[in-house]
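>>> Provided below for reference: sequence and predicted model.
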Amino acid sequence: VSGGEDEIQQLQKALLDYLDENTETDASLVFSRKFYIAQWFRDTTMETEKAIKSQKDEDSSEGTHHAKDVETTGQIMHRAESRKTFLRSIIKTAPSQFSTLKINSDTVDYEDACLIVRYLASMRPFAQSFDIYLTQ
């Protein structure tokens, strides 16, 4: 996975599909699925707010407003809206209907689901700054 937005959404869909397929054997997976959707939505909102705030701070420190910054803010907002639209479409879809939205025809097994969770967790801010916390 190259780490682009589309690949992350594919991994998220694959993980949610795995959780949906196994809810009959483990009822706690229903909660896990809802938790992941809510967490990803919250992360998108927080990342957008931080990016916009950092750009406003840069603009105020420079004293001038560049068209390049406006494009960047627009790109951030567009990316966030596409993520939120993706997550909203999943929320509106009943769990039993989610399996019809598969991107890949391959099913995800337990080991693949664990790898997906580890990868997506490594993209979170705490995981990326763990070395700093460990050093301190």
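Cool, got the structure.
>>> just the helices from the protein, written as ranges.
5-21, 28-62, 67-92, 95-98, 110-122, 125-128, 130-135 (DSSP state H).
>>> in a markdown table, list those along with mean pLDDT and mean neighbour count.
C-betas here are computed from N, CA, C, even on glycine. What follows is the helices of the chain, written out as a markdown table (pLDDT from 0 to 100; neighbours: other Cβ atoms under 10 Å):
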| stretch | mean pLDDT | mean neighbour count |
| --- | --- | --- |
| helix 5-21 | 85 | 18 |
| helix 28-62 | 84 | 14 |
| helix 67-92 | 78 | 13 |
| helix 95-98 | 52 | 13 |
| helix 110-122 | 86 | 13 |
| helix 125-128 | 68 | 10 |
| helix 130-135 | 73 | 8 |
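>>> for the residue most central in space within the chain, which non-adjacent residue is spatially closest?
Centroid check for the chain by Cα atoms, centre = their mean gives Trp40 as the closest residue, at 4.4 Å. Sequence neighbours aside, Leu87 is the residue nearest to Trp40 in space, at 5.9 Å (criterion: Cβ to Cβ, 6 or more residues apart in numbering).
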